[in-house]
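> Only the shape, not the letters, is given here:
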């Protein structure tokens with residue numbers, strides 16, 4: 001035996017197989033035409049960044065060649081591709097090309113065909129934003145399309161750092177991203193949602209199948225109402241609106257609750273608001289009720305501590321009249337959400353015109369009043385606050401002939417799909433450590449690569465779960481219990497230890513995949529023929 005080479009494959013064959021299946025490289029290269037002098041194309045460079053990110057190796061992009069050093073690069077890409085081709089200069093130029101073409105356009109032209117190819121249900125479109133905190137100094141650019149990296153409202157709770165804002169629209173069917181756009185770091189959600197709603201009107205109208213927008217309460221503003229009037233939407237109605245509290249109080253005082261499940265119930269109210277005919281659903285659950293009790297108890301304790309301090313200072317004051325003293329107490333009481341005054345007494349404090357011990361003949365200069373008061377919990381207020389916090393109100397303009405009340409509630413709960421995507425993108429071992437590039441245009445390009453990585457991951461996870469459902473099969477979780485919907489991240493861990501071994505004997509080269517077990521073969525067969533070819537197993 002002349003030579004034996006061992007290369008780590010692990011779960012990377014799944015990522016490479018899905019990238020090939022959905023045609024990401026071909027779609028990018030069709031728009032960013034490769035140069036004949038390039039060792040790898042822009043599409044292959046982007047695929048390399050996706051593999052690095054989904055390799056969960058916590059390596060910045062500058063060390064991508066190091067990531068591929070012990071991997072079967074030719075198997076994951078094509079013959080002639082090596083780890084050195086993914087150097088930081090090539091990756092940087094590729095990000096520049098993505099930015100020049102148009103990051104948002106490139107993603108849309110890649111994602112929507114993939115969704116159609118995979119048969120993804122596009123009815124429910126979940127919209128949300130998040131922020132990515134950045135460090136360092138960023139070079140100014142002449143590119144007017146580049147985002148501004150600046151301070152803004154930080155969802156990472158790092159107001160000291162500059163940031164960028166990422167907007168995503170994902171499908172509820174598998175959490176697959178449909179649209180991605182980056183914004184200046186100080187852009188508000190209201191601005192993002194208003195512009196997106198304006199753009200979605202024509203897109204939804206042109207769609208062959210119904211499309212519904214799902215978003216949080218920031219989409220529901222009076223300024224955005226003209227756009228929402230032309231969009232089928234489901235959103236949470238802001239609690240700051242007076243009408244929201246009125247609807248909740250009406251539900252608790254005399255409404256008939258409809259059961260949703262054993263722990264959840266709702267009431268429906270038909271009304272016209274912001275010039276739109278809508279149905280609002282007041283939703284309450286036992287779990288929300290318990291959270292409300294806990295929150296109210298904390299709020300009550302905090303308020304009691306504050307009001308005791310305020311009463312101490314109030315009782316130290318002297319007022320010119322009884323009315324002034326009672327007015328000062330009333331001002332304090334109006335701010336109480338959980339307590340009521342149980343006792344209040346006024347005491348006169350006489351000021352004499354002369355010094356010394358006063359007598360009956362000593363003239364009185366003035367009478368000042370001070371007030372003593374005590375508070376106690378107000379059961380009615382506490383119950384009212386608990387009821388308010390135990391409910392939320394959903395609003396929709398979709399007719400019930402298209403979506404029932406139950407389907408509307410289920411549709412809004414699917415908003416967690418986009419939140420799950422943000423958690424994935426912000427995982428410490430994912431791309432976040434790669435946000436070191438100093439040009440804002442490259443930051444934009446990298447955010448788009450991250451969105452493509454989420455696309456590949458969510459498509460692969462959806463394939464796996466759908467295959468398990470069709471076959472009525474399960475896979476073991478972390479404690480060995482069977483589960484029907486495991487996360488792809490856990491499956492990747494189950495595949496650690498798979499290697500590609502190459503033997504060179506007297507000029508003859510042979511390869512085999514080492515480390516396959518029955519469980520691993522079962523897993524790999526869930527992802528389709530291309531993945532099985534990479535791992536040299538039968539599709540099953």
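Ah, there it is. Computed from a predicted model, the values in this text were never measured in an experiment.
> Going by neighbour count, list what's buried in stretch 221-239.
For stretch 221-239, a neighbour-count test (16 or more other C-beta atoms under 10 Å) marks 221, 224, 227-228, 230-238 as buried. For the C-beta atoms, the positions are set from N, CA and C on the backbone; glycine is no exception.
> closest to residue 427 among these?
residue 236 (26.5 Å; C-beta to C-beta).
> Not counting its neighbours along the chain, what's nearest the spatially most central residue of the chain?
Central residue of the chain (C-alpha atoms, centre = their mean): residue 419, 2.6 Å from the mean position. Closest residue to residue 419 apart from its sequence neighbours, by C-beta to C-beta, 6 or more residues apart in numbering: residue 128 at 6.8 Å.
> Residue 513 now?
residue 536 (4.9 Å).
> That neighbour - how many residues pack around it?
13 (other C-beta atoms under 10 Å).
> got it, and residue 400?
Residues near residue 400, counting by other C-beta under 10 Å: 13.
> What pLDDT does the model give it?
Looking at residue 400, its pLDDT is 93.
> any weak-confidence spans in the stretch 151-300 of the chain?
For the stretch 151-300 of the chain, no stretch has pLDDT under 70.
> In the stretch 301-450 of the chain, mark out all the helices, start to finish.
Under the criterion DSSP state H, counting those that start in this stretch, helices of the stretch 301-450 of the chain are mapped to 322-334, 379-389, 405-413, 416-425, 440-471.
> which secondary structure elements does the first one contact?
Looking back up the chat, that one is helix 322-334. helix 286-315, strand 339-352, strand 364-377 (3 or more C-beta pairs under 8 Å, 6 or more residues apart in numbering; DSSP states H and E).
> which SSE is the residue nearest to residue 419 in?
strand 124-134 (DSSP states H and E).
> now the angle from the next helix or strand after that strand to helix 440-471?
Following strand 124-134 in sequence order, the next helix or strand is strand 162-171 (DSSP H and E). In terms of direction (axes from the mean of the first three to the mean of the last three C-alpha atoms, to 10 degrees), strand 162-171 departs from helix 440-471 by 30 degrees.
> For the chain, which residues score under the pLDDT cut-off?
1, 136-145, 352-353, 364-365, 428-437.
> Repeat the analysis, applying 80 as the threshold.
1-2, 36, 56-63, 134-146, 156, 254-255, 349-366, 427-438, 505-507, 540 (pLDDT under 80).
> residues contacting residue 130?
155, 165-166, 168, 422, 425-426 (C-beta atoms under 8 Å, 6 or more residues apart in numbering).
> Spell out which helix or strand contains residue 198, please.
Per DSSP H and E: helix 189-206 holds residue 198.
> sorry, back to before: how many neighbours does the residue nearest to residue 419 have?
Residue 128: 23 neighbours (other C-beta under 10 Å).
> For residue 343, see how far away it is.
Using C-beta to C-beta, to the nearest Å, we find residue 128 at a distance of 50 Å from residue 343.
> circling back to that earlier point, which helices and strands does the helix holding residue 198 pack with?
strand 124-134, strand 162-171, strand 212-215, helix 225-228.
> so which of the ones you listed gets nearest residue 267?
strand 212-215 (20.9 Å).
> coming back round to it: between the helices of the stretch 301-450 of the chain, which gets nearest to residue 8?
helix 440-471 (18.9 Å).
> Centre of the chain to that closest one, how far?
15 Å (C-alpha atoms, centre = their mean, to the nearest Å).
> Return the list of strands paired to the following helix or strand past that helix, each annotated with direction.
Under the assignment DSSP H and E, the closest C-terminal helix or strand after helix 440-471 is strand 475-476. Applying DSSP bridges, strand 475-476 is found paired with strand 482-483 (antiparallel).
> Name the nearest residue to residue 371, ignoring sequence neighbours.
Here the residue nearest residue 371, using C-beta to C-beta, 6+ apart, is residue 325, at 4.4 Å.
> er, residue 194 actually
Per C-beta to C-beta, 6+ apart, closest to residue 194 is residue 224, 4.8 Å.
> Could you pull up the residues touching the one you found?
Per C-beta under 8 Å, 6+ apart, neighbours of residue 224: 190, 193-194, 197.
> Looking at the buried residues of stretch 221-239, spot the one nearest residue 499.
residue 234 (48.1 Å).
> ok, and the closest non-adjacent residue to that closest one?
residue 396 (4.6 Å).
> Correct me if wrong: that neighbour contacts residue 403.
Yes - between residue 396 and residue 403 there is a contact under C-beta atoms under 8 Å: 7.3 Å.
> Residue 56: neighbour count?
Applying other C-beta under 10 Å, I find that residue 56 has 16 neighbouring residues.
> residue contacts, the residue nearest to residue 234?
Residue 396 sits in contact with 232-235, 278-279, 281, 403, 408, where contact means C-beta under 8 Å, 6+ apart.
> Can you pick out the most distant pair from those residues?
232 and 281 (15.4 Å).
> neighbour-wise, which of the contacts of residue 224 leads?
Busiest of those [other C-beta under 10 Å] is residue 193, holding 26 neighbours.
> and it, what does it touch?
127, 215, 218-219, 224.
> can we see that at 6 Å?
218-219 (C-beta atoms under 6 Å, 6 or more residues apart in numbering).
> Would you map the helices across the stretch 1-150 of the chain?
Using DSSP H, counting those that start in this stretch, helices in the stretch 1-150 of the chain cover 12-22, 24-31, 42-54, 64-68, 73-76, 88-101, 103-118.
> Out of the contacts of residue 396, which is nearest to residue 335?
residue 235 (30.6 Å).
> ok, that closest one to residue 498 distance?
45 Å.
> swap in residue 459?
21 Å.
> who's more crowded, those two?
residue 459 (26 against 20).
> Pairing partners for the strand holding residue 128, with directions?
Partners of strand 124-134 in its sheet, by DSSP bridges: strand 162-171 (antiparallel), strand 212-215 (parallel).
> could I get those as JSON lines with mean neighbour count and distance to residue 316?
What follows is the strands paired with strand 124-134, written out as JSON lines (neighbours: other C-beta atoms under 10 Å; distance: least, C-beta to C-beta, whole Å):
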{"stretch": "strand 162-171", "mean neighbour count": "24", "distance to residue 316": "46"}
{"stretch": "strand 212-215", "mean neighbour count": "25", "distance to residue 316": "50"}
